[in-house]
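Visitor: The sequence and its predicted three-dimensional model are supplied below.
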Amino acid sequence: MRRLLALAAFLIVASSVVVATARVGRGGGPLDRPVVFVTSQGLYYDSIVTADPLPAVGPFQLLEMEPMGLQTQYGPGDRLYYGGRWMEDIDGDGEFHYFLCPLLGPGREEP
């Protein structure tokens with residue numbers, strides 16, 4: 001039951017990330033990819049949200065929802081970028097959700 005609740009919470013988070021960060025594509029149509037700002041690089045990256053939560057084993061990187069959208073400290077090419085293995089505290093209760101959401105290069109200066 002606990003595993004089912006964790007999966008349901010993850011799916012809600014993943015879908016809200018996609019909806020909250022959807023943007024308009026170059027051709028005017030919507031893209032269903034979240035955009036993540038990498039603070040150490042000053043660049044934005046498209047991403048893909050996977051559907052399966054990950055166990056809390058191994059290294060993860062903090063992903064935060066800020067007023068301007070999703071952001072993290074490190075991205076592709078940085079030593080401490082873990083390939084899109086994220087941990088996120090959705091509601092500020094200190095309970096993290098772990099998932100895979102790789103960043104797609106190249107990065108760009110505007111969302």
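Guide: Right, received. Where do you want to start?
Visitor: Tell me how many other residues crowd the closest residue to P102 other than its chain neighbours.
Guide: Nearest residue to P102, sequence neighbours excluded (CB to CB, 6 or more residues apart in numbering): G84, at 3.4 Å. Quick note: C-beta positions are derived from backbone N, CA and C, even for glycine. Burial measure for G84: 23 neighbouring residues, criterion other CB atoms under 10 Å.
Visitor: any weak-confidence spans in the protein?
Guide: Judged by pLDDT under 70, the chain has its weakly predicted residues at 1-32.
Visitor: in this structure, which spans are helices?
Guide: Taking DSSP state H as the test, the helices found in the chain are 2-21.
Visitor: picking that back up, what separates the residue nearest to P102 from Q61, distance-wise?
Guide: 8 Å (CB to CB, to the nearest Å).
Visitor: for P67, same thing?
Guide: Where Q61 is concerned, P67 sits at a distance of 20 Å (CB to CB).
Visitor: Pick out whichever of these two has more residues nearby.
Guide: More neighbours surround Q61 than the other of P67 and Q61, with 18 against 4 (other CB under 10 Å).
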